[in-house]
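Student: predicted structure and sequence below. I'll ask about it afterward.
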Amino acid sequence: MFNRALQPSDLFLIGVNLIPVYGVWLEGWSAKEVFIVYALETLIVGAFTVLKLGITTLFKKRDLWYNNNTITKVSGLFFILFFILHYGLFACVQTSIFAASANINPLNSGLFHFFFHWYEYVNTDIAIMLAAFVISYLVRDLIPFIMRREYKTASMMRLMFQPYARIFIQQFIVILGSLFLNLGWDKIFVLVFAGVKIYFEIFLNLDNYMKKAMVDMEKSTDIKP
């Protein structure tokens, strides 16, 4: 079940994911606020991916783009713009589904209200949880990326698609979790969600699965750039 030893950064991430559980179970925080935080995590992941692509672009300038068994070399700016548009559309649809399923949007506000007005939902408790997630991504992702100088060799294609595996799992769980909220099982939702999220992010190690998928795609493309 657990295929690797826990690192200090893993323990830190476990602690961050348990903050909402502590808040809802012991401090009286709203489970709906936790739901909003997990929805906004989609945007946090996207922002960190743009930062990593930007850093890599400053060093490499251009990288290989794989498409339909063809390889072309394109500017890093192309990767950044493509990711912002593609992931942005995905995040818009995903967060809108979250908000609708949990009845977060005000009446007659429109389907995409949450995505374009997310800042209106941020209060002190939500800000604390968001800050914890931002710090966790800094510690586990961005800082090691810079310190290990991975930007020198990182594939921009892999960086661009890296967030999707985590977000697909999150999307399924949050939509399922909205059923718990609508049934009034707020505390159960937070506990189950945090547990499943920890399992997928740390013990199943989704990043490695996505990396392997990208490597297999590159190997299957035998046309030279």
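Tutor: Alright, I've got the coordinates.
Student: was I right to think A31 contacts V190?
Tutor: Yes - if you go by C-beta atoms under 8 Å, A31 and V190 touch, sitting 5.3 Å apart. Bear in mind the C-beta positions are built from the backbone N, C-alpha and C, glycine included.
Student: spit out the residues that contact these two alike.
Tutor: Common neighbours of A31 and V190 (criterion: C-beta atoms under 8 Å, 6 or more residues apart in numbering): V24.
Student: the chain: helices as residue ranges?
Tutor: Using DSSP state H, the helices found in the chain span residues 8-26, 31-60, 76-101, 113-116, 124-137, 143-147, 156-182, 186-198, 206-220.
Student: of all those, which lies closest to N68?
Tutor: Among the helices of the chain, helix 206-220 comes nearest to N68, with 11.2 Å by C-beta to C-beta.
Student: quick one on the thing from earlier: now the helices of the chain in TSV, please, with extra columns for mean neighbour count and distance to L107.
Tutor: Output for the helices of the chain, formatted as TSV (neighbours: other C-beta atoms under 10 Å; distance: least, C-beta to C-beta, whole Å):
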stretch	mean neighbour count	distance to L107
helix 8-26	17	26
helix 31-60	20	16
helix 76-101	17	12
helix 113-116	19	10
helix 124-137	16	21
helix 143-147	13	43
helix 156-182	19	17
helix 186-198	19	22
helix 206-220	13	37
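Student: in a markdown table, list those helices along with distance to N68 and mean pLDDT.
Tutor: As requested, the helices of the chain are exported to a markdown table (distance: least, C-beta to C-beta, whole Å; pLDDT from 0 to 100):
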| stretch | distance to N68 | mean pLDDT |
| --- | --- | --- |
| helix 8-26 | 37 | 84 |
| helix 31-60 | 22 | 89 |
| helix 76-101 | 15 | 88 |
| helix 113-116 | 31 | 88 |
| helix 124-137 | 33 | 89 |
| helix 143-147 | 29 | 93 |
| helix 156-182 | 14 | 75 |
| helix 186-198 | 34 | 79 |
| helix 206-220 | 11 | 59 |
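Student: mind giving me TSV with the ones you listed and columns for distance to T70?
Tutor: Supplementary listing: those in TSV, determined by distance: least, C-beta to C-beta, whole Å:
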stretch	distance to T70
helix 8-26	38
helix 31-60	20
helix 76-101	15
helix 113-116	34
helix 124-137	33
helix 143-147	28
helix 156-182	13
helix 186-198	37
helix 206-220	12
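Student: out of those, the one nearest N69 is which?
Tutor: Smallest distance to N69 across the helices of the chain (C-beta to C-beta): 7.7 Å, for helix 206-220.
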